[in-house]
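Engineer: Sharing a sequence plus its predicted fold:
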Amino acid sequence: MLDWPRAPGDGVSPPRFFAGLRAAGHDIEAAQFLGLALPRYEAVAWAARVVTSYPLTSSAEARTMRAVEDWLREPSDALRRLAAEVSTEIRNVTPARLCAAAAFMSGGSVYPVGERPVPTPRQTTGKLVAGAILTAVYQTDEPAGHLDAALNLGAAIAAQATDLSQ
């Protein structure tokens with residue numbers, strides 16, 4: 001319909017595209033792609049599992065990740081908003097704060113309750129998820145190995161999210 005030029009990777013399934021990125025050693029791009037390709041809930045769950053696999057550096061980060069995990073157990077608007085509110089106690093950009101922002105941006109309105117609903121662009125959650133994961137792994141002594149493990153976890157989550165036989 002729009003007749004734009006085809007780009008490399010057009011027509012390739014998401015799992016094959018992801019595998020191609022990994023095979024080419026483009027792990028940062030693979031994390032960014034997977035953050036966008038996963039359904040938003042599963043993307044936040046992936047980020048939360050990665051972020052909580054590392055020590056949280058403050059009580060504010062621990063409270064933030066508990067709020068994100070509460071939202072993952074019961075994805076309600078109130079708990080989504082609570083995760084974002086609790087994360088404001090963290091003054092810097094941290095994996096925990098990015099994870100809470102991803103949960104907040106995953107659905108519903110970003111405007112206050114009672115005002116007209118304003119949704120976020122769909123890609124916002126995926127970008128924040130990738131940011132949370134990349135920030136977490138690059139704070140380690142061996143980021144490449146930790147990113148590889150995070151990508152393996154994300155691939156497993158993606159396989160479960162697309163398994164329609166259950």
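Structural biologist: In hand now; what should we look at?

Engineer: And the average pLDDT for the longest helix belonging to the chain is what?
Structural biologist: Of all segments of type helix in the chain, defined using DSSP state H, the longest is helix 143-161. On average, the pLDDT along helix 143-161 is 96.

Engineer: Please apply the same query to stretch 19-34.
Structural biologist: Per-residue pLDDT over stretch 19-34 has a mean of 97.

Engineer: can I get the CA coordinates of the longest helix of the chain in CSV?
Structural biologist: These are the backbone C-alpha positions of helix 143-161, laid out as CSV (Å, rounded to 0.1, in the frame of the first residue of the first chain):
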residue,chain,number,x,y,z
PRO,A,143,27.9,-7.1,31.6
ALA,A,144,28.2,-9.3,28.5
GLY,A,145,27.6,-12.5,30.5
HIS,A,146,24.8,-10.9,32.5
LEU,A,147,23.2,-9.6,29.3
ASP,A,148,23.4,-13.0,27.7
ALA,A,149,21.6,-14.5,30.7
ALA,A,150,18.9,-11.8,30.6
LEU,A,151,18.4,-12.4,26.9
ASN,A,152,18.0,-16.1,27.5
LEU,A,153,15.4,-15.4,30.2
GLY,A,154,13.6,-13.0,27.8
ALA,A,155,13.6,-15.6,25.1
ALA,A,156,12.1,-18.1,27.4
ILE,A,157,9.4,-15.7,28.4
ALA,A,158,8.7,-14.9,24.8
ALA,A,159,8.4,-18.6,24.0
GLN,A,160,5.8,-19.0,26.8
ALA,A,161,3.9,-15.8,25.7
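
Engineer: In terms of helices and strands, where is residue 36?
Structural biologist: If you go by DSSP states H and E, residue 36 is part of helix 27-37.

Engineer: what does that helix rub up against?
Structural biologist: 14, 17-18, 21-22, 43, 46-47, 123, 125-130, 133-134, 144, 147-148, 150-151, 154-155, 158 (C-beta atoms under 8 Å, 6 or more residues apart in numbering). (Each C-beta comes from the backbone N, C-alpha and C, glycine too.)
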